[in-house]
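Participant: Structural data only, the sequence is not supplied:
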């Protein structure tokens with residue numbers, strides 16, 4: 001499977017964080033679990049929007065604090081270019097009321113357990129957005 005291809009019915013996930021090691025760890029965790037396809041990774045909000053526009057993933061795991069364009073700035077652009085993509089804000093900042101997190105579909109703090117992360121990605125991957133209604 002090449003990057004960006006979907007394998008079977010597994011949800012497609014894009015990981016966005018400026019820390020490469022953290023992206024690698026999340027990707028490995030998702031791949032090892034076996035329920036998800038990691039379609040791509042990005043290091044800032046500009047790369048995230050471009051990748052999401054191209055791949056139209058089911059879920060994007062998005063850090064808020066990044067260089068070039070923050071995750072908070074990227075949320076509205078992701079909504080416009082890929083309305084069906086669910087956004088999981090994954091941040092070291094406290095609280096869901098952080099600017100940019102309010103329009104996300106889920107919020108987890110960095111430091112959440114593997115089980116919590118996997119459960120939230122699974123929940124979001126199968127969540128219907130209002131725009132998905134018939």
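Facilitator: Structure received. Just so it is clear, the structure is predicted and the values come from calculations on it, not from any experiment. Numbering: from 1, shown residues only.
Participant: thinking residue 82 is in contact with residue 52, fair?
Facilitator: Yes: here residue 82 lies in contact with residue 52, judged by C-beta atoms under 8 Å, at a distance of 4.9 Å. For the C-beta atoms, the positions are set from N, CA and C on the backbone; glycine is no exception.
Participant: between these two, which one's more packed in?
Facilitator: The residue with more neighbours, out of residue 82 and residue 52, is residue 52; 25 against 21, by other C-beta atoms under 10 Å.
Participant: where does that one land in three-state SS?
Facilitator: helix (DSSP: H, G, I helix; E, B strand; the rest coil).
Participant: so what's residue 17 up against?
Facilitator: 23, 26, 43, 61, 63, 66, 90 (C-beta atoms under 8 Å, 6 or more residues apart in numbering).
Participant: If we use 6 Å, what do you get?
Facilitator: Applying C-beta atoms under 6 Å, 6 or more residues apart in numbering, we find residue 17 in contact with 23, 63.
Participant: For residue 84, see how far away it is.
Facilitator: Separation of residue 17 from residue 84 (C-beta to C-beta, to the nearest Å): 22 Å.
Participant: Kindly report the same for residue 70.
Facilitator: From residue 70 over to residue 84 (counting by C-beta to C-beta), the distance is 23 Å.
Participant: Same question for residue 62.
Facilitator: From residue 62 to residue 84 the distance is 16 Å (C-beta to C-beta).
Participant: Tell me which of those two has more neighbours.
Facilitator: The neighbour count for residue 62 versus residue 84, taken as other C-beta under 10 Å, is higher for residue 62 (28 against 11).
Participant: Show me where this structure has its strands.
Facilitator: 12-16, 37-42, 59-62, 86-91, 106-109 (DSSP state E).
Participant: In the first one, which residues are buried?
Facilitator: It refers to strand 12-16. 12-16 (16 or more other C-beta atoms under 10 Å).
Participant: Next up, the contacts around residue 12.
Facilitator: 6, 37, 39, 57-58.
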